[in-house]
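[1] based on what follows, work out the 3D shape:
(2 chains)
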2 protein chains.
Amino acid sequence: MVVAIKGISITKFGERWDKSLEDLILEVSQGALKDANTDITKVDAIYVGNMLYNRMSGQGHLGAVVSTLLKTQAPAFSIEAACASGGIATHIAIQSIISGQYENVLVLGAEKMTDASGAEITSSLMGAGADRERKAGLTFPGLYAMMARAHILEFGTTRKQLAEVAVKNHYHGSLNNDAHFQNEIDIEKVLNSTMIADPLTLLDCSPISDGAAAILLSSNYTKGDVKIMGSGVRTDSLDLSGRADLTEISATKLATKEALKESGIEISEINVAEVHDCFTIAEIIAMEDLGFCKKGEGGKFIESGATRIGGKVTVNISGGLKACGHPIGATGIKQIVEITKQLRQTAGARQVKNAQIGLTHNVGGTGATAVVHVLGR
Amino acid sequence: MVVAIKGISITKFGERWDKSLEDLILEVSQGALKDANTDITKVDAIYVGNMLYNRMSGQGHLGAVVSTLLKTQAPAFSIEAACASGGIATHIAIQSIISGQYENVLVLGAEKMTDASGAEITSSLMGAGADRERKAGLTFPGLYAMMARAHILEFGTTRKQLAEVAVKNHYHGSLNNDAHFQNEIDIEKVLNSTMIADPLTLLDCSPISDGAAAILLSSNYTKGDVKIMGSGVRTDSLDLSGRADLTEISATKLATKEALKESGIEISEINVAEVHDCFTIAEIIAMEDLGFCKKGEGGKFIESGATRIGGKVTVNISGGLKACGHPIGATGIKQIVEITKQLRQTAGARQVKNAQIGLTHNVGGTGATAVVHVLGR
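    Numbers count the residues shown, from 1 in each chain, chains lettered A, B, ... in the order given. As a prediction, the model looks like this:
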């Protein structure tokens, strides 16, 4: 499978009170078209990843909102898969190209979250979980805290190892001008920040962010283009109580197997990966599920420095969800934008040396949806 | 292009206070699998068309809701395109099969609308339109009334011709046990029903319905299977004020051209069509945009009886949105289910004699999204 990434674009992530969702979408759409040296008349279809716009603003026809904004009558599709909306939109867009139906497609993800109150956003975000979890008063920090607790009990993972994820990703974010947080933090600061859901403190959690990202995909691969080589999606029980094991995300394991098989790549060949660190425990579990380390050893693996820039595999060099930010629908696309920059060797201060093969990993809810992409050049 | 329709299923449409959305989804999923003589372990992916669930119930991860219900880890995708959600989910599912990535996919549409108050549903439905229309206090009956008014002024279309659409579709619905309304009505009854938005009366409008429908699509076409031969999607300005002409839906014309070209079929070869008659004027305009008659002659064409069962092309033999009902996400899938029954010659009392080639036409909003499928055997 070869689908070329011809153009990429991203907005500054963070509290973007200066911009509407439409402004952010327009910025990245025009940015990706410009980067691809093309224009909207060459785009055969548009795929939009978003979770909250209908619920928060009452607009339920987002595909047409975007085609109207971009002044095109091309097909436009709105895809929703909670925090995996961007990655899923990419997966579906790829299939449209492989099918031969569309040649050039614009894929974008966008979310405006900071305009809502904390209560409103917390309630809306629980739409990514099971009804019974929501009705029991659970929130995502609570759900991931249960997974963290299980990992600690079963494998001896430590609070310090969790904190290492946040420290690393804030360091990486400090190298990224588009990141929501560009400040470095240390272990003590994470451990002493406000407890949110034991054992997760405030700095174990990714933030509420605004932002957008876009990519232009094409069947017209030319030597030198970054390309998508594999794309896998799997699902699992929406509620944690339906899972066989709290210390892993089965959907990630299955999606990874699919994406690697499709691309003919071994996990050991990956130099750089953007993974779904909505909470620090999620990155530790992802290391194991993706196969970067053995089960139960994710904490030690991260503590060893293997995933810091210059390590065996650089993980979340953008800053990840933790420091770069997590505007839900944009996250899966941002991961592809970042890996594309790395493989093009244009990532500036945070360039991973000799980045050849990259991976993205985007999760919906506590792992009910997982999507993995493998990128090469 | 050949994608086989291996299984179909539909619930009774109407006020389904006895069933939850999950109940309806389970019923049609199991029904379509049974009709295809297969089971969920053979399904490679699931596509769900739905508009209102996130906004009305707070559940924003519907793909995983369905995979959890069906006890599968297969990829599951939620697609939203207002009233065209079902047709768009089908279009995207078709591409996944043509791409070779998936062999058997379950496509379903479902909506629960009657649990909400009238004000809540009216407000939610305006999510299919433009923000500026919503903020101006416009509703869909109002928007389509403007289109009707323009058609009356420009082409001399009459109130009686509008009413003929409702009378025909109620007659067709009286032959369908799954229809929301199975009562016949006459012209006088339509003309004398409560005025909603001049010139549209209550009986010019499709109802608020609950219901679900599902199809099982496959790359494994066997002689005798009903097949999808063409699928076209186009968009247009979300707000009516951005359209070049109020008396037509440009997206329908472009999507039809695409679907006919892909299938190698002429519009004159279509025996049976399910079109998007959310309001009576919409069916008149659809006749013209699809090419069944000349521009401006839709009213006369319907008045002539050409679209009644036994006519030149039988239109909305299910009862259409008007009488069969309009559970938003389900509508586009229901259209495919109905045409499949007709082409299989298993439609019972409402069987159209010698139905060989069928067409479905599903619209989002006032025409910002349109999707057209051509089916044969």
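
[2] what ranges does the stretch 201-350 of chain A have for its helices?
    A:250-263, A:280-290, A:298-303, A:320-323, A:328-344 (DSSP state H, counting those that start in this stretch).

[3] for the ones you listed, which one sits closest to residue B:372?
    Across these, residue B:372 has its closest neighbour in helix A:328-344 (28.1 Å, C-beta to C-beta). C-beta coordinates here come from the backbone N, C-alpha and C atoms, glycine included.

[4] tell me which of the helices of the stretch 201-350 of chain A lies nearest to residue A:111.
    Here helix A:328-344 is closest among the helices of the stretch 201-350 of chain A (C-beta to C-beta), at 4.5 Å.

[5] which element follows the closest one toward the C-terminus?
    strand A:358-364 (DSSP states H and E).

[6] what's the offset of that next one from the middle of its chain?
    6 Å (C-alpha atoms, centre = their mean, to the nearest Å).

[7] which parts of chain A are strands?
    A:3-10, A:45-49, A:76-80, A:104-111, A:195-197, A:200-201, A:211-218, A:226-235, A:272-274, A:314-315, A:358-364, A:369-376 (DSSP state E).

[8] for the last one, name the packing helices and strands.
    Right, strand A:369-376. Judged by 3 or more C-beta pairs under 8 Å, 6 or more residues apart in numbering or on different chains; DSSP states H and E, the packing partners of strand A:369-376 are helix A:85-98, strand A:226-235, helix A:250-263, helix A:328-344, strand A:358-364.

[9] the same query, at a cut-off of 6 Å, please.
    helix A:85-98, strand A:226-235, helix A:250-263, strand A:358-364 (3 or more C-beta pairs under 6 Å, 6 or more residues apart in numbering or on different chains; DSSP states H and E).

[10] could the helices of the stretch 201-350 of chain A go into CSV alongside distance to residue A:73?
    Below are the helices of the stretch 201-350 of chain A laid out as CSV (distance: least, C-beta to C-beta, whole Å):
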stretch, distance to residue A:73
helix A:250-263, 33
helix A:280-290, 40
helix A:298-303, 48
helix A:320-323, 35
helix A:328-344, 23
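
[11] what's the most buried one of those?
    Highest mean neighbour count of the helices of the stretch 201-350 of chain A: helix A:320-323, a mean of 32 (counted as mean count of other C-beta atoms under 10 Å in any protein chain shown).

[12] what does it contact?
    The contact list for helix A:320-323 (C-beta atoms under 6 Å, 6 or more residues apart in numbering or on different chains) reads A:166, A:169, A:170, A:173, A:179, A:181, A:206, A:277, A:278.

[13] between the residues you listed, which is nearest chain B?
    Among the contacts of helix A:320-323, residue A:278 lies closest to chain B (C-beta to the nearest C-beta), at 13.9 Å.

[14] I'd say the closest one and residue A:208 touch.
    No - here residue A:278 does not reach residue A:208: they are 11.4 Å apart, not a contact under C-beta atoms under 6 Å.

[15] neighbours of the residue lying closest to residue A:258 once chain neighbours are set aside, just the number please.
    Among residues not flanking residue A:258 along the chain, residue A:232 sits closest, at 3.0 Å (C-beta to C-beta, 6 or more residues apart in numbering or on different chains). Neighbourhood size, residue A:232 [other C-beta atoms under 10 Å in any protein chain shown]: 24.

[16] so residue A:360 makes contact with residue A:371?
    No - taking C-beta under 6 Å as the definition, residue A:360 is not a contact partner of residue A:371, at 8.1 Å.

[17] still on that earlier bit, will you turn the helices and strands packed on strand A:369-376 into CSV that also has mean pLDDT?
    Shown next, in CSV, are these (pLDDT from 0 to 100):
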stretch, mean pLDDT
helix A:85-98, 98
strand A:226-235, 98
helix A:250-263, 98
strand A:358-364, 98
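
[18] which one of those lies nearest to residue A:145?
    Of the helices and strands packed on strand A:369-376, nearest to residue A:145 by C-beta to C-beta is strand A:358-364, at 16.2 Å.

[19] which other residues reach the closest one?
    Contacts for strand A:358-364 (C-beta under 6 Å, 6+ apart): A:81-84, A:87, A:270, A:272-276, A:286, A:332, A:335-336, A:339, A:342-343, A:370-375, B:61.

[20] check stretch A:142-159 too.
    By C-beta under 6 Å, 6+ apart, stretch A:142-159 touches A:197, A:199, A:200, A:240, A:246, A:247, A:279, A:281, A:296, A:299, A:366.

[21] that older thread, mind putting the contacts of helix A:320-323 into CSV with distance to residue B:255?
    Shown next, in CSV, are the contacts of helix A:320-323 (distance: C-beta to C-beta, whole Å):
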residue, distance to residue B:255
A:166, 49
A:169, 45
A:170, 48
A:173, 44
A:179, 41
A:181, 45
A:206, 40
A:277, 41
A:278, 38
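
[22] now, of those residues, which are buried?
    When the contacts of helix A:320-323 are checked for burial by 16 or more other C-beta atoms under 10 Å in any protein chain shown, the buried set is A:166, A:169, A:170, A:173, A:179, A:181, A:206, A:277, A:278.

[23] looking at the residues you listed, which is nearest residue A:10?
    residue A:179 (10.4 Å).

[24] that closest one contacts residue A:173, doesn't it?
    Yes - applying C-beta under 6 Å, one finds residue A:179 in contact with residue A:173, separated by 4.0 Å.

[25] overlap in contacts, the two.
    Counting by C-beta under 6 Å, 6+ apart, the residues touching both residue A:179 and residue A:173 are A:319, A:323, A:324.

[26] how near is the second one to chain B?
    When you say that, I think you mean residue A:323. 25 Å (C-beta to the nearest C-beta, to the nearest Å).

[27] quick one, what contacts the closest residue to that residue other than its chain neighbours?
    Spatial nearest neighbour of residue A:323, excluding adjacent residues (C-beta to C-beta, 6+ apart): residue A:173 at 2.9 Å. Neighbouring residues of residue A:173 by C-beta under 6 Å, 6+ apart: A:179, A:181, A:182, A:319, A:323, A:324.

[28] ok, the last one to chain B distance?
    Spelled out, that is residue A:324. 22 Å.

[29] please name the residues that touch whichever residue of the stretch 251-377 of chain A sits closest to chain B.
    Residue of the stretch 251-377 of chain A nearest chain B, by C-beta to the nearest C-beta: residue A:368 (3.6 Å). By C-beta under 6 Å, 6+ apart, residue A:368 lies in contact with A:235, A:236, A:238, B:64.

[30] nearest to residue A:255 among the residues you listed?
    residue A:235 (9.2 Å).

[31] partners of the closest one in the sheet?
    Per DSSP bridges, the residues bridged to residue A:235 are residue A:369.

[32] is it true that it touches residue B:73?
    Yes - assessed by C-beta under 6 Å, residue A:235 is found in contact with residue B:73 at 5.5 Å.
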